[in-house]
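Novice: 3D model of this:
(one chain, ligands or ions: 1)
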Amino acid sequence: VLSYRAWLQYCPVKDEEYKQQIEAVLSVVTVKETSIIIDAALSELSLGLKEMCAFQPAITTQSNQNGLHITIEDTQGKETFHITYDKSQLYLSAGDDRGVLYGVYHLLRQIQLKTPLEQFGVKEAPKNPMRMINQWDDMNGEVERGYAGKSFFYDQYQFIKDRTRVKDYARLLSSTGINAISINNVNVHENETDLIFDRYLADVKQTADIFSMYGIDLYLSINYAAPMEKGLTTADPLDEDVKAFWKDRAKVIYDNMPHFGGFLVKADSENRPGPFTYGRNHAEGANMLAEALAPYGGKVIWRCFVYNCKQDWRDRQTDRARAAYDHFLPLDGEFLDNVILQIKNGPMDFQVREPVSPLIGGLEKTNYLLEFQIAQEYLGQQKHLVYLVPQWKEVLNFDTYQKGEDTRVKDLVSGKVLNQKHSGIVSVSNVGIDVNWTGHLMAQLNLYGYGRMIWNPDLSAEAIALEWIKQTFGHDEALVQTLLNIVIPSWETYENYTSPLGIGWMVNISHHYGPNIDGYEYDNWGTYHFADRDGVGVDRTKETGSGYSTQYHKENFECYNDVTTCPDELLLFFHHVPYTHKLHSGKTVIQHIYDTHFKGVEEVEEMIARFTTLRTLIDDARFESVMERLNHQLYMAKEWRDIVNTYFYRKSGIDDIHGRKIYA
Ligand code: BDP
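Specialist: Residues are numbered from 1 along each chain as shown. Take a look at the predicted model:
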């Protein structure tokens, strides 16, 4: 099925001349080294060439023939590759076997993109050392915030026997450069602690082996209170029995799986247990695990999504946005060097628009990963077409001013500025057992784009989308341009018809789909818009608000804290203003709300009109599946428009200056 193959379509090359050129340089492959990763790379190469060019390369260790010459030069740096083309010879020299794998995927991509051979030459090194995916799969077979069907890892507390999908997933991920994965939900439920016990260890190992063929390290999420599930009376990190418990687990795990990556931990967050129960801080909590894993080179990835989820906005200090920074900045420098903090991109929770978490730009002496969410929990749950790379790139290009001007997030998370021992980017996955992996076929682009973007944050959102479109749908010019025009503005479109000006939320509680302006307003999850008859927005200024703005360096603090300089798109995140407040755009807040909501719906209508022109250029199955979702998106966009506009019209009593009909 085409949709299952995603961007590894390997469609037959129709241009005979090109095919012959490819055959001339790839029919013999010389490689001396062997490893399981090199084997996987060679079989992928054979598969791709067979499907695209109808030949399979002869693999040899010694050859003076023309062809592809693969070598490993370990002076070159881990995971790097260098391809040169020289008169019917192609050279792929890599820093290690992962570099070979990435180089081979690069070659296959070029063939899919019909790149002329003379342009195959390239020198590549991943910008981010860790490039990770978090699965939120539960062992009962559900996927938390999964919008593409159930898990393809587990069903009813068993690993699914047929591993074909897991292997194909590993291929898809490694083709974009992903090198680490955690395979179970950060919320570790009952029975799932058995993942680190005999009951499941053999299955975990089998899974780890599949991923390691593709250069991907496997991690497990653990329950901080696991010792208590296994009979201890405490999970206190300073307790000797607790320490012994984890040391013993580490030994057993690494005896089985020397290539195991480590633990991912959600502690003291949304009702999960953690060191706070014992009066310990998060450095004490994480370091205890880190000591257990250190002898084996294991890592502890420790999430910073820590806030009190049972607390209303009672006083300035209880602003949820402040929590991660308030908890973790004072611990900077106290974590062992195999601990890596995991920081969500914004201070709240994967909203359509948030400022960048001030922990990034704040921490100086701590390893960390930036966390994104590919799953569109708050962005239309893979029923709406939203291309996320433009949003992520804004985060990566944000200037923190940590070391003066031009200290951008992308250079901090890559380790370039602070030289952390471990650094990189991680994201919550968006896949499930649906045939097309991601529910919405177009959501495949976010998975592909994530991998490509974190390999090289300087690739443009357009360039990434172009690669994906051509590999997925082919090269027809009208098709490529039309799809590009659909995906590029789609994040902004989604923002237009949902919550305005950085305020976020306004979704139905718990499942987070569809509009509900006051859904969370009087609840205790710390998410508010404070709309009343006079105005809207959250005051996070230093003087009269929560003081969240003070968590940024001076330049950003001043910009955000001052209502006259705060960027429009974040205005209501930082300020409570009257509906008549004038934005930089010249519009009032209320008029902006009306205008963007009408515009958002019109943009979805335009998306549909554009997509309709592709009927003859895309196979029926894929066309229909996308069309169906676009129609639903339009229905929902109207619902958002009408509910948001009506709500603010009633609160403010202010008419639309264009006299459009506001009521549903
Ligand atoms: C929120 C999700 C929740 C996750 C949590 C997390 O609603 O399901 O468990 O984040 O990141 O976005 O831990």
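
Novice: going forward, measure contacts and count neighbours with C-alpha atoms only.
Specialist: OK.

Novice: tell me the SS of the residue in the chain that the ligand sits nearest to?
Specialist: Here the residue of the chain nearest the ligand is residue 349; by Cα to the nearest ligand atom that distance is 5.4 Å. Going by DSSP: H, G, I helix; E, B strand; the rest coil, the secondary structure assigned to residue 349 is coil.

Novice: neighbours of it, how many?
Specialist: Each residue near residue 349 was counted by other Cα atoms under 10 Å, and the total is 19.

Novice: relative to residue 137, how far out is it?
Specialist: Distance, residue 349 to residue 137, by Cα to Cα, to the nearest Å: 19 Å.

Novice: same question, residue 92
Specialist: Here the distance between residue 92 and residue 137 works out to 37 Å (Cα to Cα).

Novice: these two: which has the busier surroundings?
Specialist: The residue with more neighbours, out of residue 92 and residue 137, is residue 137; 28 against 23, by other Cα under 10 Å.

Novice: pretty sure the more buried one contacts residue 145?
Specialist: No. Taking contact to mean Cα atoms under 8 Å, the distance of 9.1 Å between residue 137 and residue 145 leaves them out of contact.

Novice: elements contacting the longest helix along the chain?
Specialist: Secondary structure of the chain read by DSSP state H shows that its longest helix is helix 620-652. When contacts are defined as 3 or more Cα pairs under 8 Å, 6 or more residues apart in numbering; DSSP states H and E, helix 620-652 sits against helix 490-497, helix 589-612.

Novice: quick one: contacts of the following helix or strand past the first one?
Specialist: For helix 490-497, the following helix or strand on the C-terminal side (DSSP states H and E) is strand 535-536. Taking contacts as Cα atoms under 8 Å, 6 or more residues apart in numbering, the residues outside strand 535-536 that touch it are 529-530, 572, 576-579, 652.

Novice: can you rerun that using 7 Å?
Specialist: Contacts to strand 535-536, defined as Cα atoms under 7 Å, 6 or more residues apart in numbering, come from residues 529-530, 576-579.

Novice: direction included, what does that strand pair up with?
Specialist: The partner list of strand 535-536 in its sheet, established with DSSP bridges, is strand 577-578 (antiparallel).

Novice: ok, and what's touching the partner strand?
Specialist: Counting contacts by Cα under 7 Å, 6+ apart, the residues outside strand 577-578 that touch it are 534-537.

Novice: give me that answer again for 8 Å
Specialist: Here strand 577-578 has contacts from 534-537, 589, using Cα under 8 Å, 6+ apart.

Novice: same list (those residues) but as a markdown table, adding distance to residue 382.
Specialist: Shown next, in a markdown table, are those (distance: Cα to Cα, whole Å):
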| residue | distance to residue 382 |
| --- | --- |
| 534 | 36 |
| 535 | 32 |
| 536 | 29 |
| 537 | 28 |
| 589 | 29 |
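
Novice: just the buried subset of those, please.
Specialist: 535-537, 589 (16 or more other Cα atoms under 10 Å).

Novice: farthest-separated two in those?
Specialist: 537 and 589 (10.5 Å; Cα to Cα).

Novice: ok, now how distant is residue 466 from residue 488?
Specialist: Applying Cα to Cα, the value for residue 466 to residue 488 is 10 Å.

Novice: any chance of TSV for the buried ones among the contacts of strand 577-578, columns pLDDT and distance to the ligand?
Specialist: TSV is the format used below for those (pLDDT from 0 to 100; distance: Cα to the nearest ligand atom, whole Å):
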residue	pLDDT	distance to the ligand
535	98	28
536	98	24
537	97	21
589	98	28
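
Novice: these into a markdown table, with extra columns for distance to residue 598?
Specialist: What follows is the buried ones among the contacts of strand 577-578, written out as a markdown table (distance: Cα to Cα, whole Å):
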| residue | distance to residue 598 |
| --- | --- |
| 535 | 21 |
| 536 | 20 |
| 537 | 21 |
| 589 | 14 |
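
Novice: please identify the helix or strand for the most centrally placed residue in the chain.
Specialist: Averaging the C-alpha coordinates of the chain gives a centre point, and the residue nearest to it by Cα atoms, centre = their mean is residue 427 (3.0 Å). Residue 427 is part of strand 423-428, with elements assigned from DSSP H and E.

Novice: residue contacts, residue 335?
Specialist: Taking Cα under 8 Å, 6+ apart, one finds 283, 286-287, 366 in contact with residue 335.

Novice: how about the nearest residue to residue 174, chain neighbours excluded?
Specialist: If you skip the residues right next to it in sequence, residue 174 has residue 214 as its closest partner in space, 6.0 Å away by Cα to Cα, 6 or more residues apart in numbering.

Novice: backbone phi and psi for the one you found, please?
Specialist: phi -110, psi 20 (degrees, to the nearest 10).

Novice: what about it, how many neighbours?
Specialist: Residue 214 has 30 neighbours, counted by other Cα under 10 Å.

Novice: hmm, residue 171 and it touching each other?
Specialist: Yes. Distance between residue 214 and residue 171: 6.6 Å, which falls inside the contact criterion (Cα under 8 Å).

Novice: gap between the one helix or strand residue 218 maps to and the chain center?
Specialist: For residue 218, the host element (DSSP H and E) is strand 217-222. Averaging C-alpha coordinates over strand 217-222 and over its chain gives two centres that are 17 Å apart (Cα atoms, centre = their mean, to the nearest Å).

Novice: pLDDT averaged over the helix or strand that comes right after it - what is it?
Specialist: Past strand 217-222, further along toward the C-terminus, the next helix or strand under DSSP H and E is helix 226-229. pLDDT averaged over helix 226-229 equals 98, rounded to a whole number.

Novice: ok, now stretch 325-345?
Specialist: Taken as a whole, stretch 325-345 has an average pLDDT of 98.

Novice: and the ligand, is it touching that?
Specialist: No. Stretch 325-345 does not reach the ligand (Cα under 6 Å from any ligand atom); its nearest approach is 8.1 Å.

Novice: now find how far off-centre that stretch is within its chain.
Specialist: Taking the mean of its C-alpha atoms, stretch 325-345 sits 20 Å from the chain's own mean (Cα atoms, centre = their mean).

Novice: could you do stretch 548-561 as well?
Specialist: Relative to the mean C-alpha coordinate of its chain, stretch 548-561 is positioned 26 Å out (Cα atoms, centre = their mean).

Novice: quick check: mean pLDDT of that stretch?
Specialist: Model confidence over stretch 548-561 averages 98 on the pLDDT scale.

Novice: any idea how far apart the tips of it sit?
Specialist: Separation of the first and last residues of stretch 548-561 by Cα to Cα is 9 Å.

Novice: could you do stretch 189-197 as well?
Specialist: Between the start and the finish of stretch 189-197 there is a gap of 15 Å, counting by Cα to Cα.

Novice: neighbouring contacts of it?
Specialist: Outside stretch 189-197, the residues within contact range by Cα under 8 Å, 6+ apart are 138-139, 200-201, 204, 220, 222-223, 226, 229, 249, 253.

Novice: give the buried residues for it.
Specialist: Across stretch 189-197, burial judged by 16+ other Cα under 10 Å covers 192-193, 195-196.

Novice: how about stretch 621-630?
Specialist: Of all the residues in stretch 621-630, those buried under the rule 16+ other Cα under 10 Å are 622-623, 626, 629-630.

Novice: now do it: everything it contacts.
Specialist: With Cα under 8 Å, 6+ apart as the criterion, stretch 621-630 contacts 3, 383-385, 440-442, 604, 607-608, 611-612, 614-615.
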